[in-house]
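*Asks:* Fold the following for me, if possible:
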Amino acid sequence: MSHNYKSFFTCIFVFQFCLSSIFAQTNTDMRTKININDNWLYLENNTPNLNDAAKAQNWTGINLPHSWNSEDATDLNPGYRRDASWYQKKLNIAKIDSNQRYFLYFEGSNITTKVYLNGKEAGGHIGGYIGFTIDVTNLIKEGNNDIFVRVDNSYDIEVIPSQKSDFFIYGGITRDVWLISKFKNNIDNLKITTPEVSAKKASLNIIASTINPENAKDLSLTVILKNPKGKKVVSKTIPVTDKTSKITFENIKNPELWDTDNPNLYTVSAILSEGNKIKDSVNEKVGFRWFEFKDHGPFFLNGKRLLLRGTHRHEEQAGVGAAMSNAQHRADMELIKSMGANFVRLAHYPQDPEIYKACDELGLLVWDELPWCRGGIGDELWQTNTKNMLAEIINQNYNHPSIIIWSLGNEMNWLPDFPDGDNTDRTNVFLNQLNDIAHKMDPTRKTAIRKYYEGSHIVDVFSPSIWSGWYSGSYKSYQKAIDVYKKEYNHFIHAEYGGDSHVGRHSENPVTGENVIKAEGWEEAIVQTKVANIAQIGDWSENYIVDLFDWHLHVSENDPNFVGNIQWAFKDFATPLRPEDDIPYMNQKGLVDRNGNPKDAFYVFKSYWAKEPFTYIESHTWTERQGPENTPRTISVFSNCEKVTLFHQGKSLGEKQRNLALYPANGLTWDVNFSKGENILIAIGEAKNGKKVSDTIKVNYRFNKNETATSLQLSAEKMKNGHYLVTAIAIDNNNLRCLDYEESVYFQCLKGGKTMKNQGTPTGSESIKMANGKASIEVIPDNPNTPIEMTVLNQNFKGEYLKIAN
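*Replies:* Prediction:
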């Protein structure tokens with residue numbers, strides 16, 4: 001998988017430790033880890049020649065992480081750049097210590113990488129989404145060092161994931177880069193297991209791999225275990241006589257268990273000493289927990305049934321693509337946790353180290369996935385690359401207590417890249433090999449795959465495809481689907497369900513497919529040109545998706561023998577396979593948009609899962625409505641409070657008790673007879689502890705229905721950040737907003753500013769389908785004194801023009 005590559009664990013920490021009670025003195029041989037993300041240069045040139053790249057004149061300054069596809073993946077031009085580029089950095093080293101080893105550690109770059117230092121090739125890596133280390137000891141020097149890195153995300157059939165996957169394969173150095181120095185005698189890796197765990201006692205095994213190039217005889221290893229509060233629990237010192245050393249702690253009494261509500265993390269500190277001098281030290285976190293998938297039944301964590309409440313996470317964000325900051329990574333996971341989730345499937349590839357750290361700390365169980373996504377079985381080189389990547393994933397992420405599943409692939413036999421690539425016999429032989437690798441490297445965790453039925457018997461846990469109410473059938477068939485699969489598969493889990501929703505689109509009568517599509521069925525077809533389903537004939541309204549998710553959760557939360565499910569996907573994400581979606585190139589199945597702003601569906605999950613009391617009236621993006629006079633509309637309030645009262649125009653419509661057995665909205669629904677004009681709705685919820693929370697929306701209601709749209713109107717509103725939100729409204733001849741108009745419109749800034757385009761968000765695309773006759777885009781002024789000129793058009797209407805005084 002890598003060139004000049006040595007196994008190196010992911011979590012290396014700058015560690016300063018005072019051990020005066022054991023050691024007489026310390027020294028400055030301790031390892032260092034320095035982030036070198038800032039002040040790089042970038043060259044968009046695919047030359048394979050280092051000298052040609054170095055001579056180029058069009059380098060531009062950037063900071064890492066970086067992707068050259070951060071915006072071109074979601075622009076309106078078909079395709080995205082699949083090619084090579086160069087990065088360079090000058091690294092000044094004040095002093096080189098001959099007793100130190102020096103390394104460049106890349107947390108990930110896509111997809112193949114070559115690293116040069118001071119004119120010579122230092123090493124490389126095949127495959128993205130996973131970290132790698134380059135030993136530069138023999139090339140680094142005092143003073144200025146020239147680092148050049150060539151990264152290539154060209155179409156490469158030999159490297160997973162398949163090019164037919166439903167997500168972009170972003171090119172670039174998309175994660176952090178570090179300079180690491182370690183003493184020549186050092187700890188190379190820590191492998192931590194917990195062979196015995198119960199509420200009363202636990203054991204801990206630490207296998208330390210050490211580097212001792214000169215066979216020093218006076219090496220010792222001290223391991224200290226500290227509890228979550230930092231208090232020492234136990235310690236042990238042993239002589240280092242081999243490349244690996246094993247330390248075992250037995251009978252750790254009354255361990256503070258790691259679980260999804262109380263993710264207690266102990267610290268393992270390993271100190272390598274030569275004589276009485278500390279030469280290296282490493283910290284790792286460990287959680288004491290045990291788990292079990294009951295045969296044909298639920299999941300247990302630490303001996304207690306835990307309904308897996310999951311979602312999926314793709315690694316990308318508006319404006320940066322996969323080149324997310326650690327703060328952005330952390331924000332994603334904190335939002336997932338705040339929704340009440342306890343499980344996350346990392347789709348469809350291993351993700352940034354910050355994600356695993358967050359899951360450990362927040363209490364989120366993890367399904368970690370090898371990116372064998374579609375493409376079928378490959379040739380010998382493909383198989384070697386795939387096996388190497390699996391080994392790297394397990395090695396690097398081994399110590400994280402949050403991980404319970406190593407997934408070996410997703411939809412693997414779909415759309416083969418190689419001749420005979422969908423051959424089941426060959427695929428199963430290789431899948432067995434991957435399964436054996438995973439179990440040999442880590443017998444403590446489970447293996448899984450999704451939607452390759454022919455290999456379901458090979459792995460420990462299997463997810464079939466159930467897309468009730470979206471790609472097939474009605475969502476009312478969901479209970480039947482899970483009842484079928486609970487019996488069929490020994491350890492069944494349901495990964496991927498949901499559907500697309502366009503922010504702000506609502507319908508008084510959402511398309512359900514009744515009497516149009518077959519109600520039974522839940523499988524997703526590979527080719528859907530002849531399939532009638534809601535994905536194709538539906539309105540992509542937020543309220544249809546709210547109903548679909550509400551039903552799925554109504555089923556799963558009331559089934560005592562169900563293991564749990566994993567919603568697809570938490571956040572809208574970009575894909576090359578969906579240019580015709582309401583926001584072009586966006587998979588809009590997220591509970592939040594690509595910037596992390598919650599949609600209505602987010603609050604459905606929160607009402608079932610979250611602990612912090614809240615109420616949410618459906619919907620804050622449905623504030624313009626129409627209908628006949630004296631025709632009540634059913635209003636749902638999503639809340640986790642014990643009881644909720646809804647007020648309309650200051651008058652109570654009654655208090656209702658939340659009842660998990662009721663659908664929709666756990667019984668929190670009221671019929672509201674709207675008044676003409678402004679209507680104020682207030683929901684007040686009361687939690688079990690007496691705490692009260694509220695939510696308020698204003699709805700403008702009219703009794704006359706709009707006619708056919710005849711034109712577009714443009715307006716602008718200044719935002720808090722100094723930008724402008726330019727909004728287009730479709731209107732009829734009576735100047736009424738056309739709430740049923742859903743066609744695409746196209747924005748353009750003619751002068752005085754630039755649009756926030758290529759973001760893949762509801763206000764960040766120059767082409768977007770209207771939601772209830774409305775579409776907006778954010779515009780950045782060039783300067784405070786220059787007017788902004790905007791236009792919006794589509795093929796139905798002449799262009800509308802707006803001049804903003806600014």
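*Asks:* in the protein, which helix or strand is least confident?
*Replies:* Of all helical and strand segments in the chain, the minimum by mean pLDDT, DSSP states H and E falls on strand 2-3, at a mean of 42.
*Asks:* any idea which helix or strand comes after that one?
*Replies:* For strand 2-3, the following helix or strand on the C-terminal side (DSSP states H and E) is strand 32-35.
*Asks:* Partner strands of that next one, with direction?
*Replies:* If you go by DSSP bridges, strand 32-35 pairs up with strand 177-183 (antiparallel).
*Asks:* which other residues reach the partner strand?
*Replies:* 12, 29-37, 64, 91, 97, 99-107, 133, 279-280 (C-beta atoms under 8 Å, 6 or more residues apart in numbering). Quick note: C-beta positions are derived from backbone N, CA and C, even for glycine.
*Asks:* buried subset of the residues you listed?
*Replies:* 12, 29-31, 36-37, 64, 91, 100-107, 133, 279-280 (16 or more other C-beta atoms under 10 Å).
*Asks:* Which ones among these lie within strands?
*Replies:* 91, 100, 101, 102, 103, 104, 105, 106, 133, 279, 280 (DSSP state E).
*Asks:* okay, among those residues, which ones form the most distant pair?
*Replies:* 106 and 279 (25.3 Å; C-beta to C-beta).
*Asks:* and residue 545, backbone torsions?
*Replies:* phi -70, psi -40 (degrees, to the nearest 10).
*Asks:* Quick check: closest non-adjacent residue to it.
*Replies:* The spatially closest residue to residue 545, leaving aside those adjacent along the chain, is residue 501, at 4.1 Å (C-beta to C-beta, 6 or more residues apart in numbering).
*Asks:* And for residue 176?
*Replies:* residue 107 (4.8 Å).
*Asks:* Same check on residue 64?
*Replies:* Residue 64 sits nearest to residue 37 (C-beta to C-beta, 6+ apart), 4.1 Å away.
*Asks:* The one you found contacts residue 66, doesn't it?
*Replies:* No. Using C-beta atoms under 8 Å, residue 37 is not in contact with residue 66, being 9.1 Å away.
*Asks:* Could you count how many residues lie near residue 319?
*Replies:* 18 (other C-beta atoms under 10 Å).
*Asks:* All the strands of the stretch 351-500 of the chain, residue numbers only.
*Replies:* 365-369, 403-410, 446-450, 461-463, 494-495 (DSSP state E, counting those that start in this stretch).
*Asks:* what does the stretch 201-350 of the chain give?
*Replies:* According to DSSP E, counting those that start in this stretch, the strands that the stretch 201-350 of the chain contains are 201-211, 219-226, 232-239, 244-253, 266-274, 277-286, 291-293, 299-301, 304-305, 308-313, 343-346.
*Asks:* closest to residue 625 out of those strands?
*Replies:* That would be strand 308-313 among the strands of the stretch 201-350 of the chain, by C-beta to C-beta, at 30.1 Å.
*Asks:* so how far is that closest one off the chain centroid?
*Replies:* Centroid separation between strand 308-313 and its chain, computed with C-alpha atoms, centre = their mean, to the nearest Å, is 10 Å.
*Asks:* for stretch 401-408, same thing?
*Replies:* Distance, centroid of stretch 401-408 to centroid of chain: 15 Å (C-alpha atoms, centre = their mean).
*Asks:* Contact partners for residue 738?
*Replies:* 706, 707, 708, 709, 730, 731, 732, 773.
*Asks:* Over to residue 582?
*Replies:* 500, 502, 505, 540, 588, 768, 769, 771.
*Asks:* Equivalent analysis for residue 233, please.
*Replies:* Counting by C-beta under 8 Å, 6+ apart, residue 233 has contacts 225, 226, 227, 252, 266.
*Asks:* let's go with 6 Å and repeat that
*Replies:* By C-beta atoms under 6 Å, 6 or more residues apart in numbering, the contact set of residue 233 is 225, 227.
*Asks:* So which of the contacts of residue 738 wins on neighbours?
*Replies:* residue 730 (28 neighbours).
*Asks:* What number of residues are in the vicinity of residue 508?
*Replies:* Quick note: residue 508 (other C-beta under 10 Å) scores 14 neighbours.
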